[in-house]
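[1] quick one, fold the following:
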Amino acid sequence: MGALVDASAVIDLRLLGVAGDLPLSMLNRLYPIIWTGFWVQAASGIVLLVAYPTKSFTSPAFYVKLALIAAAMVVMVRLKRRLSSDAGEAPLFRRRAPLAAWSLVLWFGAISAGRLIAYTAAYSMYP
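    Numbering: from 1, shown residues only. Next up is the predicted model:
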């Protein structure tokens, strides 16, 4: 999850004005890292789900985490479209900054929900 969230955070922070000297065109190089991180995360998540299904399915935090990851990926795709369609810096804050801020909030929430799964599960393993 580190590669996915870190690469996404770099894009989000740049769109929020951090490291203003970094060209926006350079950010497109991070999207293959994001997608690779997503698929690695999905594969490892499926393995964990198969290993401990009761733990995941009895935790409300698991469902929150899945929803937050789905929302964050939708926001990431929308940011990529806007990044590709806008050539200049002028519409930076008006069109992209709210999405970048939401992306950071969603990823922070997904990480937090993932950490809470261990504490909110009704059962670790089926008795």
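[2] could you list every helix and strand in contact with the helix or strand bottoming out on mean pLDDT in the chain?
    Ranking every helix and strand in the chain by mean pLDDT, DSSP states H and E puts helix 53-57 at the bottom, with a mean of 84. On a contact count with 3 or more Cβ pairs under 8 Å, 6 or more residues apart in numbering; DSSP states H and E, helix 53-57 meets helix 97-120. For glycine as for every other residue, the C-beta is placed from the backbone atoms N, C-alpha and C.
[3] re the thing from before, the inter-axis angle of the helix or strand that the least confident helix or strand of the chain is followed by versus helix 97-120?
    Where DSSP states H and E defines the elements, the next helix or strand beyond helix 53-57 is helix 60-85. Helix 60-85 and helix 97-120 are oriented at 160 degrees to each other (axes from the mean of the first three to the mean of the last three Cα atoms, to 10 degrees).
[4] and helix 60-85, what's buried?
    Neighbour-count burial for helix 60-85 flags 61-62, 64-65, 68-69, 71-73, 75-76, 79-80, 82-83 (criterion: 16 or more other Cβ atoms under 10 Å).
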